[in-house]
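Student: Sequence below, structure please.
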Amino acid sequence: MARPPVHRMTLGNGLRVVLAPDGRVPVVGVSVHYGVGFRSEPPGRAGFAHLFEHLMFRGSENLPDGRFYDHILGNGGEANGTTRQDYTEYFQKVPAAQLGPALFSEADRMRAPLFTESAVREQVAGVAREIAEATVGRVLGGFPWPALPGVAYGTWADAHDGYGRTEDLLATTPEECADFFDRHYAPGNAVLTVAGGFGAEQARAWVERLFGDIPARPHAAGPAETEGAWTRDRWAAGTEPGIGRTAVAFAHRLPDPRADLDGYLAHMVLADLLGGHRPIPGAEVVLESGCGFFEPLDALDPDTLVTTALLPDGIEAVRVRDAVRGFLAGRAASPETAVLAAEAADRFGLRHHRRHGDPMRLARSLGRMELLFGRAPLVYDLPEMMRALPAEKVAGAAASLAAAPLAALELRPGPHRTRPGARAADPEAEPRRG
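Tutor: Next comes the predicted model:
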């Protein structure tokens, strides 16, 4: 991946700005990350951050009545947003000549969004459809996310369903939306990123003119709860109609990347090695594994390594758990781990370079790294950091993971859909449901 220069600055109102100009491309990616996600939702308001993301597209002072999309599409661009544990993200890709209008649209809704009763009702209905499609309307809906966090974690911030319930969201008012905006969408809680075909000086001028006069104001801190260390396995089971095999997902706690980035990267290597592995000789069990519920380095602590598999008849989830631990223990002791880790780092580098050739994807990643870790250039550094990991770091991570408690979600074939309620430390003690 070519490394365009990265310019970082902070406006007087606290807005952090990341510019990555690259004159070789004819398009520009623009992203705005706000430091609020579904971990910041209070009890009883699950799904509100996601609903609010939808509402931010429905109107602002100069682009009312849903004209945001008309403004972007009319200039040959595309736009979308997403809500994660610790941030909400808005992103666009436009022709390079349309950078000014793209920045104007983001500044307008950062300054003066509009929340109306009709827009709230419309977006609650839209979110309800999205929830149904993702969690009810498909086989294994909600597996492993958002069902697995409720098994793995005990604090509200980490365990609750980031989609929420439609009946709770129906209580949303425009006044509540205005209050949420005031508490969380301050310039000092945001990062604006621009990547692609533009000149840095021109972009600076536009940013300062369009965003610089947005008033600074205090913003709410992130969730205060802290999930303690896991001391034993956590296991829950449910049933799912329409499946011929049991599905199982394992969750392991990851190191805090702010305190131990190399440790986190070592677990990314292990996730690569677990992915595609057949843990039980002769059985049709293939693991899929990755760091983060959505992608690596996408959340603050706690973050989760997720491993999933479909199990044929006769293979119990406990046996797969034990086989995963055996594989990790083997990686901790094998001299071959150094070679496998180097191969995993090369695979990561290829995927990473290919993915970030798109200016919109690059802007999103730069902004996320700046917001969560204060290190936008980490996007460019990661491939080399992965290659430079000492083999003993990976081996040590494997040994630690092999001995660590995990959380498991098991969904077995059954006539009705049930989702886990109580957790059991010992899977043998968990009653079969359905």
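Student: so T304 sits right up against F293, yeah?
Tutor: Yes - using CB atoms under 8 Å, T304 is in contact with F293, at 6.2 Å. No exception for glycine: its C-beta is placed from N, CA and C like everyone else's.
Student: Between the two, point out the one with more neighbours.
Tutor: T304 (23 against 19; other CB atoms under 10 Å).
Student: Strands of the protein, residue ranges please.
Tutor: 7-10, 16-21, 27-34, 78-83, 88-95, 190-196, 234-240, 246-253, 288-291, 304-311, 407-413 (DSSP state E).
Student: which ones are touching the closest residue to A317 other than its chain neighbours?
Tutor: Closest residue to A317 apart from its sequence neighbours, by CB to CB, 6 or more residues apart in numbering: V248 at 4.3 Å. For V248, the residues meeting the contact criterion (CB atoms under 8 Å, 6 or more residues apart in numbering) are T308, A309, L311, A317, V320, A408, L409, E410, L411.
Student: so how far is G141 from V248?
Tutor: Taking CB to CB, to the nearest Å as the measure, V248 and G141 are separated by 16 Å.
Student: and if you look at G212?
Tutor: 45 Å.
Student: likewise H33?
Tutor: Per CB to CB, H33 is found 28 Å from G141.
Student: what do you get for E343?
Tutor: Using CB to CB, we find E343 at a distance of 35 Å from G141.
Student: next one: G162
Tutor: Counting by CB to CB, the gap between G162 and G141 amounts to 14 Å.
Student: So these two - more neighbours on which side?
Tutor: Legend: neighbour count by other CB under 10 Å for G162 and G141, higher for G162 (20 against 17).
Student: what sits against the more buried one?
Tutor: Counting by CB under 8 Å, 6+ apart, G162 has contacts G37, F38, A46, G47, A49, H50, T83, Q85, W145, P146.
Student: what's the farthest-apart pair in these?
Tutor: A49 and W145 (15.1 Å; CB to CB).
Student: State the distance from the closest residue to D301 other than its chain neighbours to Y264.
Tutor: Sequence neighbours aside, D256 is the residue nearest to D301 in space, at 3.8 Å (criterion: CB to CB, 6+ apart). Distance, D256 to Y264, using CB to CB: 8 Å.
Student: Repeat that for A119.
Tutor: Separation of A119 from Y264 (CB to CB): 39 Å.
Student: and if you look at P42?
Tutor: Relative to Y264, and taking CB to CB, P42 is found at 29 Å.
Student: returning to what we had before: ok, now how distant is the residue nearest to A317 from A237?
Tutor: Taking CB to CB, one finds V248 at 9 Å from A237.
Student: what about the longest helix in the chain?
Tutor: Counting residues, the longest helix found in the chain (DSSP state H) is helix 337-355.
Student: That one: which residues count as buried?
Tutor: Neighbour-count burial for helix 337-355, with 16 or more other CB atoms under 10 Å as criterion, is recorded at T337, L340, A341, A342, A344, A345, F348, G349, H352.
Student: Then stretch 96-105?
Tutor: Buried residues in stretch 96-105, counted by 16+ other CB under 10 Å: Q98, L99, G100, A102, L103, F104, S105.
Student: Over to stretch 63-70?
Tutor: Neighbour-count burial for stretch 63-70 [16+ other CB under 10 Å]: L63, R67, F68, Y69.
Student: ok now it, how far from the chain's centre?
Tutor: The chain centre lies 27 Å from the centre of stretch 63-70; the measure is CA atoms, centre = their mean, to the nearest Å.
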